[in-house]
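Trainee: sequence unknown, structure follows:
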């Protein structure tokens, strides 16, 4: 499912841009190398990664991600990706995917704001 790739890439992109804005190139390169190892990030990985950059962000992100079904949306994208990748019937609908993706975008935008980054249009 392409939505899971979006989650991986968006998570890496936000924190990579943050590292580039806040550190020297060598540190930013190191951060990029660590972020590249993230695969199939469930909601807890978003919180864990944010906390690695700033412990204060954890509570805010946990609160935001837990509201309005955002956590469930991210976790459903990843869970369904695993089912599809292993040839199992996920039973997912286009309506569900659109909803999950919209909620995931909200999380990415929240992370961008938290990091002080401009939203990418």
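Mentor: Arrived safely, thanks for sending. These numbers come from a predicted model, not from an experiment.
Trainee: Within the helices and strands, which one has the residue nearest to residue 51 when sequence neighbours are not counted?
Mentor: Closest residue to residue 51 apart from its sequence neighbours, by Cβ to Cβ, 6 or more residues apart in numbering: residue 58 at 4.2 Å. Bear in mind the C-beta positions are built from the backbone N, C-alpha and C, glycine included. Here residue 58, judged by DSSP states H and E, is contained in helix 56-66.
Trainee: residues in contact with that helix?
Mentor: Under the contact criterion Cβ atoms under 8 Å, 6 or more residues apart in numbering, helix 56-66 has outside partners 43, 46-47, 50-51, 70-71, 74, 107, 110-111, 114.
Trainee: what's the helix or strand for residue 33?
Mentor: Going by DSSP H and E, residue 33 is in helix 25-35.
Trainee: list the buried ones in the helix or strand of the chain with the lowest mean pLDDT?
Mentor: Ranked by mean pLDDT, DSSP states H and E, the weakest helix or strand in the chain is helix 70-85, scoring a mean of 90. Buried residues in helix 70-85, counting neighbours by 16 or more other Cβ atoms under 10 Å, are found at 70-71, 73-81.
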